[in-house]
Each structure stands twice: as C-alpha cells, then as structure tokens.
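Participant: from the sequence below, what's the structure:
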Amino acid sequence: MDLNPETLCPSCFGGADHPLPCPCCDYDPASPRAPLLLPLGTRLLGHYRIGRVLGKPGGFGITYLGWDTGLLRRVAIKEYLPRELAGRAPDRTTLVPHSGEDGDQFRYGLAQFLTEARTLAQLDHPNIVRVHQVYEANGTAYLVMDYYEGLSLAEYLDQQGGRIAEEQAKQLLLPILDGLRAVHAEGYLHRDIKPQNIYLARLKSGGIRPILLDFGTARQAMGERSRSLSVVLTPGYAPFEQYHRKGKQGPWTDIYAAAAVLYHLVTGETPLEATERMAGEALTPATAFGVSPHLSEVLSVALALGPEQRPQQVQAFQALLSGQGQPPTPLPRAPDPGPPRPPREAAPVNRPREGIPQEPIAPPRGTDVQDRLKDGGEGPALVILTPGLFYMGSLADDPLAGEDEMPQHPVRIAQPFAIGRFPVTFDDYDRFRRTSDNGWGRGRRPVIHVSWHDAVAYCAWLTQQTGHPYRLPTEAEWEYACRAGTRTHWSCGDTDERLGDYAWSRGNSGSGFLSRGRRTQPVGQKSPNPWGLYDLHGNVWEWVQDCWHDDYQGAPTDGSAWSTSCSERGARVMRGGSWVDDPRYLRSAYRGRTDPGIRLDFTGFRVARTLTP
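Facilitator: Reported below is the predicted structural model:
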C-alpha cells in the first residue's frame, strides 16, 4: 500500500489513488465541512495531518483522525474547544474567545485540559488511552493519542440489541476498572464514564481490548468554576454529588458511573437520573430485568445515592463483582413513595378531620402590585392574598400522601401578604445577576440554577431596590396560595386529568428525555389557579423559607416559617414539582427538600412581600 499522504484519502487516510467519494468513509470533496472544524489536511506540528471527526463533537472538544507523516500511521488528535466560550477566527484554525469573560473561563479550562493530558501521558496501562504528545497551538491545545480500530461500547450495545449477558458485561467492565484504579492512584478522577467513552479496540489476534477514553476532569472543573456552562455531566451516569459545587467527590463518584454502565449493559436501560431519585423516584432493581440477585444487589450498593454508602475504592467494587468480597448488604434508604396509585374518586382529600372547626376561606383581594426598581424597571408582579384558614398537608388515608405531609392541621394566615403571580423569571433575575439557562432561553422562562441562598439574596436585593420587605414565602403561605381555596390533590381537581392545562410536567414539557426536548417553559402559558397565580404546579420547584422537618408534628399554625433546628447546610423545603416530575409530585401538599447550596436546572423560586401599613 502506498502510504504517501498525498495519495491517501484526506478524510480516513485509507486506499491510495481510489476514486471519490471514498469507498471507505464516503468522503466527497464537494460536501461542505462545518466551519467549527479544522479544514481537512490542516498540518499540526509540521507532521500531523487532520482528517475526519471521530465520533460526535462534544461541548468541550473535538477528536479528529490524524495522520503521522513521520511514522506513517493513524493517530487520534483531540482539540480543546469549549463551544460556549470560543469559536474559529477567519483563518479557520485559530480559536478566539467570544468575550473577555469567556476568555478567562477558556484559559482556566485550557490549564485543566493540559494538566489532565500530562497526567494521562504518565500512565502506562493497557486499558487507558495512551497519550503520546501534548502541545499548544492555534490559541488552544491538542492531545495526540493512539488510534484504535474498533467501536464504542455504545455502538456495540446497539448491535447486540440493547443489552448483553451478565458474564460478558462483567468481562468488559473489569478491565476498565483496572485502568480506573491506575487513574485514581495518580489522584485523578474520570468523572464521565459512560458507554460512549469506553472503546472496544480490535486486536490483531482477533480479540478486543476495552479502553477508557475522554476524561471529564476539565469539564467538571470548568462547570464548578462557572455555572454558565451546562454540559458538565451525563444524566443517568452521574451521581448526585456531581450536580453541585460542594458535592463530595472521590473514587466512589467513578464507581457510581461504572455501576451505571454495567446496569445499562445487563438491563438495556439507562439508570434513572440521580436528581429524579433524590426527588423520590425509585431505581428499578436489576432483578426486574432478569438479572441475578447477587449482581442486582452489587449494583444497588454501587448506585447508592449517598457517597458514603458505596464502595470507597475500585478494588472493593471489583471484589464484589467477582464474588470475593463481603456480600453486599441492603443499605438504608429514604422512604420510597412507590409506584403511582390510581387517583381518588372519593371526597376531596383535604377535607378537615372531625373536631376541627370549619371556616370559609376568604378569597384574595385580587389586587396586583408591581414595585418600581431604582433603575426605573419593574419588580415581579405580585398578587395580594387576604387572611384565611386552610388545612395544610394530607390525611392519613390519602393513598398518594407521604408521612412527611402528616398530620393534616389547620393553619390560619393571620396577616395579608403578597406573593409572585409567577415564578421569578430570567427577565427578573438578570437585573440582579446572571445564571445558566442550559441553553433553553431566558426572558420569561423561570430562572434556574439558583440555590436557596441565591433566592434569599435576590429578595434582599429587591428590598434594597424597592424599599419594601421582600422574602421567600413560608411553606404554609406557599400551600395556602397553591390551594387557592381548594381541598383537592391539585388546585384543578382530585384527578390529574386536567393537570396538563395548568402545569408543565414530565408528560408535556418536551418531546424526549432531558437533552432530547424536556425543559422549562415560559411562565404564564398555562391556566392560573382560582386566585390568579401561575405555575405553582410544575415548571420549577420553588424554594420556601422553612427548614426541613420529617412531618408536621409541632409545626406552626399561624402561617409563619418553621425555622427551628436550622443549620447553615440543613435541608430546606421546596414545593410544587417541576418539568421533570410526574403528576403526584406536583400535588398541592407534596414536599421536597435538598441542600440550600445546590443549584439545579429544575429549581427556581417565587417571592413574597410583607405588607406594611
């Protein structure tokens, strides 16, 4: 074979002097090449030539097939290119940050990329991709790696019909775990283990060698530094600690992801996203898919939500998989709400218990308030609610209720207050500071990626801007406003048949799972509740003032916040459910909780204002 690069296909470097389109890779010189890509034939370091793209370009880099003109062989060349931060200059090779602020983030990520690359270059393990050279050019950096003939584990899984046998799956994963041990020994984590990042290299002997590719250290580091970057993890494979800055990460983080890959291999299903599990949805045991009880238990342990409940080192996980470690013990877990039950068809669930006096609930005054800001703009639109009595929580015989919603108890809202007609939007919040919109759009969409502390800070800023006392609503005020005089599961009734007219939820917020279409929607598009308030059911979870308590024993009955036993990092209450949730989590009485420092793409808030004479 003639290995003169001038006679090889410029895309795949195969076949000399063959006709075009290339019979090997379908390259056609008449087909346009995306402007973000380096042009075919681009020379790097004088002796590498750029060919076709390998796989799909990611949000932080592009990997090309390359040709080493010195050693006359194919290589893989990865270019650092975070698309949210930089693009190509007119010369089509140099990278230029989009702005000064983006330039700071770009350079920070570049430093992480180079550090990661130089660490990988020191590793010599058959199951870790080999890095031969790291260098800077064109305003960015490149990794030159071994190129392997073969296919990704994701592609192989598709060829096998979506799942493979247990023993075969373990034999593919165990060598990857060997490589992971070498990475951890150097003090690094992978942070993005998934089927797409495991490559099955074909050996000349006829066998295959699993190889771990595409470390996510730089992506994660940049995501922790700037919340404007959205693609820092892979839903289903990322444990919950990767969703927020203060999450405790370690070898157990990669163990979760490796276990998620194994779960996918043997069940044919990607595990439920960690954030949905934290909201109460249960991971389906692998035994439900015909997996052996032993492997199912091992996966349950390795996929535990709490980092401390998983194996702490890869060796321990390998021992469990091989049957040589201590048999996994079922771990204590948060109460599982179980599968949704059919909706009640009996009397309204929020009826008062016997012995509790009944009192008509006063309707709202219906007055809108919208305070002026110092810069001349307007604050969030508010609705004034008058005092009244309502029954907070759920009865013990409600089939959809959790114990944290009990006991149902009367609450008298003693003073009028104002509450946001809508959740706080990006239009509102951007006057204060900016946060990530996940690329979904800003404007009238509810603000996301805000912690409880961020929400409190925004209320303090509104107070300073308007001269009026803004705050988060108390949990009692929130439920009073959500129920709007109703005593049913949702403010629109006791069944979820009409809920789609009032709420954005898992069933109508898009056309697929997360990146395939589901997302927040602009506020005010659905029907309001009886008091003219929008999006209290669904769209985003909403922070309230209160600390989390496991039930309502001893809860205030005057509408005030339940703030006893609070700590700086103690869980805070969220209400209303979101675009990613099923209807049961959107009920007026349903309660959620999480760390007050967490920022998630399904969590926002609405404001309240104390009314003064």
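Participant: CA only for contacts and neighbour counts going forward, please
Facilitator: Fine.
Participant: and residue 391, how many neighbours?
Facilitator: 26 (other Cα atoms under 10 Å).
Participant: and what about the closest residue to it other than its chain neighbours, helix, strand or coil?
Facilitator: Spatial nearest neighbour of residue 391, chain neighbours left out: residue 410 (4.5 Å); criterion: Cα to Cα, 6 or more residues apart in numbering. The three-state assignment at residue 410 reads strand, by DSSP: H, G, I helix; E, B strand; the rest coil.
Participant: spit out the contact partners of residue 552.
Facilitator: Each residue near residue 552 by Cα atoms under 8 Å, 6 or more residues apart in numbering is listed here: 404, 405, 406, 407, 408.
Participant: and the third one, backbone torsions?
Facilitator: The one in question is residue 406. phi -120, psi 160 (degrees, to the nearest 10).
Participant: point out where the chain drops to low pLDDT.
Facilitator: Residue ranges of the chain with pLDDT under 70: 1-6, 15-18, 58-59, 216-232, 244-246, 324-367, 511-516, 567-569, 613.
Participant: domains for it, by residue range?
Facilitator: Segmentation of the chain into domains, based on automatic domain parsing, reads 43-146, 150-322, 361-613.
Participant: nearest to residue 13, of those?
Facilitator: domain 43-146 (7.1 Å; Cα to Cα).
Participant: where exactly do the helices run in the stretch 401-550 of the chain?
Facilitator: Along the stretch 401-550 of the chain, counting by DSSP state H, counting those that start in this stretch, helices occupy 426-429, 452-466, 475-483.
Participant: now for the ones you listed, which one comes closest to residue 437?
Facilitator: helix 426-429 (8.3 Å).
Participant: quick one: contacts for the nearest residue to residue 404 once chain neighbours are set aside?
Facilitator: Spatial nearest neighbour of residue 404, excluding adjacent residues (Cα to Cα, 6+ apart): residue 551 at 4.0 Å. The contact partners of residue 551, taken as Cα under 8 Å, 6+ apart, are 403, 404, 405, 406, 407.
Participant: ok, and the most crowded of those residues?
Facilitator: Neighbour-wise, the contacts of residue 551 (other Cα under 10 Å) top out at residue 405, 20 neighbours.
Participant: ok, that one - contacts?
Facilitator: Residue 405 touches 393, 394, 551, 552, 589, 590, 591, counting by Cα under 8 Å, 6+ apart.
Participant: neighbours of the first one, how many?
Facilitator: Meaning residue 393. Other residues near residue 393 come to 26 when the count uses other Cα under 10 Å.
Participant: surely it touches residue 591?
Facilitator: No: taking Cα atoms under 8 Å as the definition, residue 393 is not a contact partner of residue 591, at 9.2 Å.
Participant: now do the helices in the stretch 201-350 of the chain.
Facilitator: Using DSSP H, counting those that start in this stretch, helices in the stretch 201-350 of the chain cover 217-225, 251-267, 274-278, 293-302, 314-322.
Participant: so for residue 105, which of these sits nearest?
Facilitator: helix 217-225 (7.3 Å).
Participant: nearest to residue 268, out of the helices of the stretch 401-550 of the chain?
Facilitator: helix 452-466 (37.0 Å).
Participant: pull out the buried positions in that closest one.
Facilitator: Buried residues in helix 452-466, counted by 16 or more other Cα atoms under 10 Å: 452, 454, 455, 456, 458, 459, 460, 461, 462, 463, 465, 466.
Participant: please apply the same query to stretch 399-419.
Facilitator: In terms of neighbour count (16+ other Cα under 10 Å), stretch 399-419 has its buried residues at 400-402, 404-413, 416-419.
Participant: got it, and stretch 498-507?
Facilitator: Per 16+ other Cα under 10 Å, stretch 498-507 contains these buried residues: 499, 500, 502, 503, 504, 505, 506, 507.
Participant: would you mind measuring from the closest residue to the first one other than its chain neighbours to residue 197?
Facilitator: In this case it means residue 499. Leaving aside its chain neighbours, residue 499 sits nearest to residue 492 (6.7 Å; criterion: Cα to Cα, 6+ apart). As judged by Cα to Cα, to the nearest Å, residue 492 and residue 197 stand 46 Å apart.
Participant: and for residue 126?
Facilitator: For residue 126 relative to residue 197 (Cα to Cα), the value is 15 Å.
Participant: what's the answer for residue 479, then?
Facilitator: Distance from residue 479 to residue 197, by Cα to Cα: 45 Å.
Participant: one more: residue 36?
Facilitator: Counting by Cα to Cα, the gap from residue 36 to residue 197 is 22 Å.
Participant: ok, now residue 172?
Facilitator: Counting by Cα to Cα, the gap from residue 172 to residue 197 is 13 Å.
Participant: swap in residue 519?
Facilitator: The value you get for residue 519 to residue 197, if Cα to Cα is used, is 26 Å.
Participant: and residue 533, how far from residue 606?
Facilitator: Distance from residue 533 to residue 606, by Cα to Cα: 11 Å.
Participant: so what sits against both of these two?
Facilitator: Contacts common to residue 533 and residue 606, judged by Cα under 8 Å, 6+ apart, are 420, 422.
Participant: what about those two, which has more around it?
Facilitator: residue 606 (27 against 20).
Participant: contact partners for that one?
Facilitator: 419, 420, 422, 423, 424, 472, 473, 542, 543 are the contacts of residue 606 under Cα under 8 Å, 6+ apart.
Participant: give me that answer again for 10 Å
Facilitator: Residues near residue 606 by Cα atoms under 10 Å, 6 or more residues apart in numbering: 380, 382, 419-425, 446-447, 455, 459, 471-473, 478, 536, 540-544.
Participant: can you report phi and psi for residue 608?
Facilitator: Dihedral angles of residue 608 (phi, psi; degrees, to the nearest 10) stand at phi -130, psi 160.
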